[in-house]
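Participant: Here's my sequence, what's the structure:
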Amino acid sequence: MDEVSEVVELFGSADPLEPSRNQVAEVFGFKPCCQEAFDQLEHRWAAWLNAKESAGDAFVPVADAAEAAKWLNHEAVVAAFMEWNRQHWGSPHYRDFLGGLAVVPGRDAAAGQYLLARDHFGVGEFDLGIARHHQALEVDPDFRASHYELGLADFDRGDFDSARTHFKAAKLPVRTPIDRLDAQAKRATGRNKPCPCGSGRKYKACHRGQLLETAPLELLMTKVAEFSKQDMQLAKMQLFEVMALGFDPDRAPTAALGFAIELGLHEGQVERAYLKQRGPLLPVAERE
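Facilitator: Purely as a prediction, here's the structure:
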């Protein structure tokens, strides 16, 4: 099998950075209802884009916007639609379409606001993205995806109290990056040992349950590792490198992904991508 055939077999495309529908469905864990929702949403997006290209500068409303927004009630579909259309990030047409979904009545508008927020983040417009996330929470205070993204932004900026609040509201099924740092500190310190902050009090009576001061490099690497899990294209790049090294990701996908993340961190490509996309949010000490 030649190199191109191997890439097509693994990724569904001759370009390892271009996701196929099958891979999107697999990566985001689609159920049959998710696949239908994704297909319906993509159909409306394609129809609107064709109409817009024909209309030129004239305004084109999103047909059945309220119905289209309902398809975004599937959290997996929101993430998949965003990833599938990554090449359109920052484009006026993409934002106009999302804008049509973001103004429908009721809580269904939250997903459209979220997608606009991620679009702003994707091109480095962090203030606009944060504002959009807050707009999503105004129409749906329980919209978990925006709570999670705001938690990550606060974590990147060093506002750990606010990050905790958003992570808690996001109701994550796994430990947050702050939880992991807390666990590391607890393992290193012990409940009855002196608190590392130097207060002289026992850890359990001082900083237990709070994020202890962490070395800037360790904190930065925690942020980079969290970022590496969120970026589908980076993960695919890393998996392609793993495949090139002779590691079969189909036989042990979890181990392959873990090895890929370690490889990406070792090679520096994840850090570079993180600093390019999220660097402006970091405190000065970590950027330097």
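Participant: Now for the nearest residue to F143 once chain neighbours are set aside, how many residues are close by?
Facilitator: Nearest residue to F143, sequence neighbours excluded (Cβ to Cβ, 6 or more residues apart in numbering): A110, at 4.3 Å. (C-beta placed from N, C-alpha, C; glycine too.) By other Cβ atoms under 10 Å, 29 other residues sit near A110.
Participant: what sits against the spatially closest residue to F30 that is not a sequence neighbour?
Facilitator: Among residues not flanking F30 along the chain, A76 sits closest, at 6.0 Å (Cβ to Cβ, 6+ apart). The contact partners of A76, by Cβ atoms under 8 Å, 6 or more residues apart in numbering, come to 28-31, 34.
Participant: just checking, what packs against the helix or strand containing the residue nearest to F143?
Facilitator: According to DSSP states H and E, A110 maps onto helix 109-122. Here helix 109-122 touches helix 65-70, helix 75-84, helix 92-101, helix 126-139, helix 144-157, going by 3 or more Cβ pairs under 8 Å, 6 or more residues apart in numbering; DSSP states H and E.
Participant: Distance of the residue nearest to F30 relative to V27?
Facilitator: Separation of A76 from V27 (Cβ to Cβ, to the nearest Å): 9 Å.
Participant: And the helices and strands packed on helix 109-122: which comes nearest E271?
Facilitator: helix 144-157 (13.6 Å; Cβ to Cβ).
Participant: For R95, which residues are in contact?
Facilitator: 116, 119.
Participant: should've said A79
Facilitator: 28, 145.
Participant: and the helix of greatest length in the chain, what does it pack onto?
Facilitator: Counting residues, the longest helix in the chain under DSSP state H turns out to be helix 32-55. The contact analysis (3+ Cβ pairs under 8 Å, 6+ apart) places helix 32-55 against helix 21-27, helix 65-70, helix 75-84, helix 92-101.
Participant: would JSON lines of those with mean pLDDT and distance to S54 be doable?
Facilitator: As requested, the helices and strands packed on helix 32-55 are arranged in JSON lines below (pLDDT from 0 to 100; distance: least, Cβ to Cβ, whole Å):
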{"stretch": "helix 21-27", "mean pLDDT": "74", "distance to S54": "26"}
{"stretch": "helix 65-70", "mean pLDDT": "90", "distance to S54": "19"}
{"stretch": "helix 75-84", "mean pLDDT": "86", "distance to S54": "23"}
{"stretch": "helix 92-101", "mean pLDDT": "94", "distance to S54": "12"}
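Participant: what about those, which gets the closest to T176?
Facilitator: Of all the helices and strands packed on helix 32-55, helix 75-84 comes closest under Cβ to Cβ, at 17.3 Å.
Participant: Distance check, Y114 against A69.
Facilitator: The value you get for Y114 to A69, if Cβ to Cβ is used, is 11 Å.
Participant: which non-adjacent residue is nearest Q40?
Facilitator: Using Cβ to Cβ, 6+ apart, the nearest residue to Q40 is W71, at 5.2 Å.
Participant: The one you found and E42 touch, don't they?
Facilitator: No. W71 lies out of contact with E42 (Cβ atoms under 8 Å); the separation is 9.5 Å.
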